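S.K.: Requesting a structural model of the entry that follows:
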Amino acid sequence: MDLFRGICKYLSHLTMIDEVFLELFLNTTFVILLFIVLRQIGKLIISSRTTGRKEFLLTQSYFLILNLTEIFMFLVVWDNYIKSLMTLISVISAAMTIALREFIMNFFCGIYIKMKKPFKVEDRIQIEDLRGDVMNISALDFEVLEISTKEENGQSTGVVVSIPNSYVFTKSIKNLTKGFKYIWNELTISVPLDCDLAQNKQELYKIVNGIETIKNIPRKMKAEVDHLNSTTRVYFNQYDPVIYTKICGKHVELTVRYLMHPKKARYIESVIWNKIYSSYKEGKINLFQE
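M.R.: Now for the predicted structure:
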């Protein structure tokens, strides 16, 4: 410590810079360089031992811990100057104050997201008209890979949207995969009013229950709901696919309701429609034609 102060005194005399500010500058620079080195070392170690999703999650957690530790170190270094710094901040213009408030709010909202987990990486969320998959969560914002909203179950557009962390408090966020990773989807098929309704329903049940990506979901969903009931009250009385009937003028609407993974929605719909078309060509299903 005496050696460091001696160096600072010498440099102060050499550069004509106040010794107190020179010491503060050197300490701050040392902290910054130290954490740059720690980030690189940690990243190399993690990448050498893990790959893929596990590497990404470990890197994110490691960087979060480093960021919090770095802030603590800055508070220690600047401890004697905090009061003076706060006095200086109090007289900054209104515009700077608002900008700083947003920065601080985004930072602490980032900590809230990491701890409370209203959503996590790979979750599918919706904020107002934006729907997409969470790609990354940083200290100030999170990135979402947008999916098309032109259809109910759109696919990725390839557009990455950066959203401030403060949105978790100012916007309503829908999480389509939190709690349990399956959602209900509905598909409506119109059949003639004078058709054999029971036969058409039987064929539709056969089609939906015969799809592998749907068949085992009701059992998994029930297990997830039972697990959730230990902390959250969730209740569903139907897990298996069901068909609802509605008479509309000269035709009957058969609405098939089934569980699916939200990211496979468009694929599953395509499979069902292909099978319905094949059954129609074979005379097993009657489709209404205006």
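S.K.: all helices of this protein, in order?
M.R.: 2-15, 19-49, 52-77, 82-90, 94-116, 167-170, 197-209, 212-215, 217-228, 265-281 (DSSP state H).
S.K.: Against which helices or strands is the second one packed?
M.R.: Contacts defined by 3 or more C-beta pairs under 8 Å, 6 or more residues apart in numbering; DSSP states H and E place helix 19-49 against helix 2-15, helix 52-77. For every residue, glycine as well, the C-beta is placed using N, CA and C.
S.K.: which parts of the last one are buried?
M.R.: Of the residues in helix 52-77, 56, 58-59, 62-64, 67, 70, 73, 77 count as buried by neighbour count, 16 or more other C-beta atoms under 10 Å.
S.K.: again with stretch 23-33
M.R.: So for stretch 23-33, counting by 16+ other C-beta under 10 Å, buried means 23-24, 27, 31.
S.K.: can you list the domains in this protein?
M.R.: Domain assignment for the chain by automatic domain parsing gives 2-91, 124-175, 183-281.
S.K.: would a markdown table of these with distance to residue 113 and mean pLDDT be doable?
M.R.: What follows is the domains of the chain, written out as a markdown table (distance: least, C-beta to C-beta, whole Å; pLDDT from 0 to 100):
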| stretch | distance to residue 113 | mean pLDDT |
| --- | --- | --- |
| domain 2-91 | 10 | 73 |
| domain 124-175 | 6 | 83 |
| domain 183-281 | 19 | 83 |
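S.K.: Could you list everything the residue sitting nearest the centre point of the chain pairs with in the sheet?
M.R.: By C-alpha atoms, centre = their mean, the chain has its centre lying nearest to residue 134, at 3.4 Å. Note on residue 134: beta-bridge partners by DSSP bridges are residue 144.
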